[in-house]
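**Student:** Okay, sequence plus prediction incoming.
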2 protein chains.
Amino acid sequence: MEKVFVLGGGVTKIGEHWSKSLRDLFVEAALKAAKNSNIELRDMEAVYVGNMSSGELQGQEHLGSLMATWLGIPGVAAVKVEAACASGGAVFHQAYLAVASGVYDCVLVGGVEKMTDAVVHDVTAALIMADDAEYTAFTGASFVGLNALVYRYYMEKYGVKQEDIALFSVHDHKYAANNPYAQYPFQVSLEKVLSSPLIADPIRLFECAPIGDGAAALILCSERFAKESGIKPEVEVAASALATDTISLVDRDDLTTLAATVKAAKKAYKKAGVEPRDIDVMEVHDAFTILGVIHLEDLGFAEKGKGWRLVKEGEIEKDSKIPTNLSGGLKARGHPVGATGVYQVYEIYQQLTGTAPNQVGKAEVGLAQSVGGVGGTVVVNILRRVR
Amino acid sequence: MEKVFVLGGGVTKIGEHWSKSLRDLFVEAALKAAKNSNIELRDMEAVYVGNMSSGELQGQEHLGSLMATWLGIPGVAAVKVEAACASGGAVFHQAYLAVASGVYDCVLVGGVEKMTDAVVHDVTAALIMADDAEYTAFTGASFVGLNALVYRYYMEKYGVKQEDIALFSVHDHKYAANNPYAQYPFQVSLEKVLSSPLIADPIRLFECAPIGDGAAALILCSERFAKESGIKPEVEVAASALATDTISLVDRDDLTTLAATVKAAKKAYKKAGVEPRDIDVMEVHDAFTILGVIHLEDLGFAEKGKGWRLVKEGEIEKDSKIPTNLSGGLKARGHPVGATGVYQVYEIYQQLTGTAPNQVGKAEVGLAQSVGGVGGTVVVNILRRVR
């Protein structure tokens, strides 16, 4: 397989973009990515679009052709990739395979989701499509409700208090405050999180990733393309691994771990030739505070039931053991579903090139974890600085 | 890049499957594909699902995880790929890249669409999502209406009569009559086609591909996998090329050609090292009779404005110049949108292995063309018999 490099990226600020449509957001991110990579969009051979619910929310499919058209490069190969809330991570995986195959030498990979101003359905109805429509959604379960089951079970099983789990939100907001493209760039106190409205017991409003609009894009290329263009890439994709699990919680042996994270991480660590201790910075998919805690465990940074301790003891802070979600995470940077996985990789790219809003001191290897549904799909992407 | 082989495939009969859900159809095709390939589903490393509108029609996304679960192999990599009506061709392209990259050695690629028993939206509303929601669908245009513009313009520009174009439907039905998995396995006369109800002037009902439910699946593998499994593959993927065009007709220079077909075909012929005259059998995406005629031209088998002559003069019959749509084509085999591109490749696989319902005498190289929207995406896949 061919080596795959990240040339650069671009993102929109996440928020309620009432004046920007799905295509506007995607084009904005793509143009920024091209500029940041110092190349032209006409150099692209393919466009990969990650998105979960444009059909339901905008009455629009065929995003490959649509975005190629609006980028001014119809003719290129282009498709949409969907894996629920992991669509961003999954589309990165497919774009990686496209370049790794040697068939494409330079591709644009972007994710986009427009969740406000939905013209067809409401967003809660769209999000539950990530779970089994006939057996789970059918019961009336909402996404936050399903995560509430996980949350309660985790607290019970490991004897952990909510105030320790809810700290993940405080952590995210602390870093978002300094991130220009974050949806909620301000700090919150633990008291504020715990006194925010109850959404699905025990989950509080300030423990949930918000709904937002946004797009993120990256340019990937092969060694051949870089050489021919006289570019010296700074960042390489060391590994990209995708794994699934049963789509619904009801089929799982254990609610407090995501088997797909464990599987994808194992594959990715092996492929990249690294271990958790080699990861200098990472972004995890904390759609709810409890998930942030579980991810720290499943990715190999804490024993089961102990992930919350890393947060409480400051081990995921900027200059500590494993700096995590320095972008603000899903909770505070924002979570425009199909774009999130690409935002995460962009953040890691920034960290490795020394351009992140909350820059760590030294970063050679970074990891981004993207989750679809309640862990039905997990993608683990590992990037490495080229020496 | 690694060589990619087709080990086998399986399909469901196309029709109104009121008693089978989306997952039932996919699983049925996948199990048949595994059996036909003489391997087990547990050998799969990835599952690629092609589908256009499960979100709109079944309120279900996250098909990768869903299908992996229902196939009994959660854990594998799995994603959904969407490119409107070309979703089947596009998902084959992605699965091909996955194996070509060397990252995956054995993958299941399937397409599925369930268009009857839609629980959320009607099918016409779902199909128009293949065009631009904000600029074209917004006007109230239907998909058949857009193709009617192409039809009328073609007749005007080249002075061709409808009775010559409508022959494509008669051709398709002739072969579908002998195809056990065709939706409409019976012959129709030209008189019947031309006297069928007018849908969008000049398009008649019997010139339109029907709405139906169905799924098709194939197993792709690498040379390494074949060797280690002691399998001698009979069919190789000689090329897979995907190209886009502007999503809407309004941006095109010429309504009577699909630039994306010309582009994808050129790339595919080059990669496979063949010319149109080397193609022994093919399947084209005749969603409407006029498209069948245009495809014959765009793929290099006739001059512009002359494609209908191939049909009229018997040149696309079984034992003639370029045997086309011997499965019955979209018109008579059926067109469960996201599955169609996979059905086409399966038909070519059957022809190359001497197992097709309407088997040609000799077939070394076959081509399948899959179209999304009114040509916004086109995939050209070329298969070759391994000698």
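**Tutor:** That came through, no problem.

**Student:** mind showing which ranges of chain A have poor pLDDT?
**Tutor:** Across chain A, the ranges flagged by pLDDT under 70 are A:119-121.

**Student:** Please name the nearest non-neighbouring residue to the residue nearest the centre of it.
**Tutor:** Centroid-nearest residue in chain A, with Cα atoms, centre = their mean: A:Gly341, separated by 2.6 Å. Of all residues not flanking A:Gly341 in the chain, A:Gly88 sits nearest, at 2.5 Å (Cβ to Cβ, 6 or more residues apart in numbering or on different chains). Heads up, the C-betas are built off the backbone N, CA and C, glycines and all.

**Student:** The one you found should be in a helix, yeah?
**Tutor:** Yes: with DSSP: H, G, I helix; E, B strand; the rest coil as the criterion, A:Gly88 is part of a helix.

**Student:** residues contacting it?
**Tutor:** Neighbouring residues of A:Gly88 by Cβ atoms under 8 Å, 6 or more residues apart in numbering or on different chains: A:Gly50, A:Gly111, A:Ala216, A:Val337, A:Gly338, A:Ala339, A:Thr340, A:Gly341, A:Val342, A:Tyr343, A:Gln344, A:Ser370.

**Student:** Tell me the one of these nearest B:Glu297?
**Tutor:** Distance to B:Glu297, by Cβ to Cβ, is smallest for A:Gly50 among the contacts of A:Gly88, at 35.2 Å.

**Student:** Residues in a beta bridge with the closest one, which ones?
**Tutor:** Residues in a beta bridge with A:Gly50, per DSSP bridges, are A:Val81, A:Gly111.

**Student:** what about it, how many neighbours?
**Tutor:** Applying other Cβ atoms under 10 Å in any protein chain shown, we find 35 residues neighbouring A:Gly50.

**Student:** Tell me where the stretch 51-200 of chain A has strands.
**Tutor:** Taking DSSP state E, counting those that start in this stretch, the strands of the stretch 51-200 of chain A run over residues A:77-82, A:106-113, A:198-200.

**Student:** strands paired with the shortest one, and their directions?
**Tutor:** Same thing as strand A:198-200. strand A:203-204 (antiparallel).

**Student:** Tell me which helix or strand comes right after the strand it pairs with.
**Tutor:** Per DSSP states H and E, the first helix or strand lying C-terminal to strand A:203-204 is strand A:214-222.

**Student:** Is any residue of that next one near chain B?
**Tutor:** No: against chain B, strand A:214-222 shows no contacts by Cβ under 8 Å from any Cβ of the partner chain, the least distance being 11.2 Å.

**Student:** for whichever helix or strand comes after that strand, which positions count as buried?
**Tutor:** Using DSSP H and E, the next helix or strand after strand A:214-222 towards the C-terminus is helix A:223-229. By neighbour count on 16 or more other Cβ atoms under 10 Å in any protein chain shown, the buried set for helix A:223-229 is A:Phe225, A:Ala226, A:Ser229.

**Student:** what helices or strands is helix A:223-229 leaning on?
**Tutor:** On a contact count with 3 or more Cβ pairs under 8 Å, 6 or more residues apart in numbering or on different chains; DSSP states H and E, helix A:223-229 meets strand A:4-11.

**Student:** Pull out the CA atoms of the strand it packs on and give them to me as PDB.
**Tutor:** Provided in PDB are the C-alpha atoms of strand A:4-11 (Å, rounded to 0.1, in the frame of the first residue of the first chain):
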ATOM      1  CA  VAL A   4      -0.900   8.600   2.900                       C
ATOM      2  CA  PHE A   5      -0.200  12.100   4.000                       C
ATOM      3  CA  VAL A   6      -2.300  15.000   5.400                       C
ATOM      4  CA  LEU A   7      -1.400  18.200   3.500                       C
ATOM      5  CA  GLY A   8      -3.600  20.500   5.400                       C
ATOM      6  CA  GLY A   9      -7.200  21.200   6.500                       C
ATOM      7  CA  GLY A  10      -9.900  23.800   7.200                       C
ATOM      8  CA  VAL A  11     -13.000  24.100   9.200                       C
END
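
**Student:** Where do the helices of chain A begin and end?
**Tutor:** Ranges of helices in chain A, per DSSP state H, are A:22-37, A:54-58, A:63-70, A:87-100, A:123-127, A:143-158, A:162-165, A:167-176, A:190-194, A:223-229, A:259-272, A:289-298, A:307-312, A:337-352.

**Student:** How much space separates A:Ile322 from A:Ala260?
**Tutor:** 20 Å (Cβ to Cβ, to the nearest Å).

**Student:** Please apply the same query to A:Asp131.
**Tutor:** Taking Cβ to Cβ, one finds A:Asp131 at 14 Å from A:Ala260.

**Student:** swap in A:Tyr269?
**Tutor:** In terms of Cβ to Cβ, A:Tyr269 sits 15 Å off from A:Ala260.

**Student:** A:Thr355 too?
**Tutor:** For A:Thr355 relative to A:Ala260 (Cβ to Cβ), the value is 31 Å.

**Student:** again, but for A:Lys157
**Tutor:** 19 Å.

**Student:** which of A:Tyr269 and A:Ala260 has more neighbours?
**Tutor:** A:Ala260 (29 against 22).

**Student:** can I see the domain layout of chain A?
**Tutor:** In terms of domains, chain A is parsed into A:4-121+A:211-236, A:141-203+A:238-385 (source: automatic domain parsing).

**Student:** How far does the last one stretch from one end to the other?
**Tutor:** The reference is to domain A:141-203+A:238-385. From its first residue to its last, domain A:141-203+A:238-385 covers 43 Å (Cα to Cα, to the nearest Å).

**Student:** Going by proximity to chain B, name the top residue of the stretch 51-200 of chain A.
**Tutor:** A:Ser65 (3.4 Å; Cβ to the nearest Cβ).

**Student:** Near the residue lying closest to that residue once chain neighbours are set aside, how many other residues are there?
**Tutor:** In space, and not counting its chain neighbours, A:Ser65 is closest to B:Gly376: 3.4 Å by Cβ to Cβ, 6+ apart. For B:Gly376, the count of nearby residues is 30 (other Cβ under 10 Å).

**Student:** which residues does B:Gly376 contact?
**Tutor:** A:62, A:64-66, A:69, B:84, B:130-131, B:244-248, B:260.

**Student:** how about CSV for the residues you listed, with distance to A:Val193 added?
**Tutor:** Shown next, in CSV, are the contacts of B:Gly376 (distance: Cβ to Cβ, whole Å):
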residue, distance to A:Val193
A:His62, 41
A:Gly64, 40
A:Ser65, 43
A:Leu66, 39
A:Thr69, 43
B:Ala84, 43
B:Ala130, 44
B:Asp131, 45
B:Thr244, 45
B:Asp245, 50
B:Thr246, 48
B:Ile247, 44
B:Ser248, 47
B:Ala260, 51
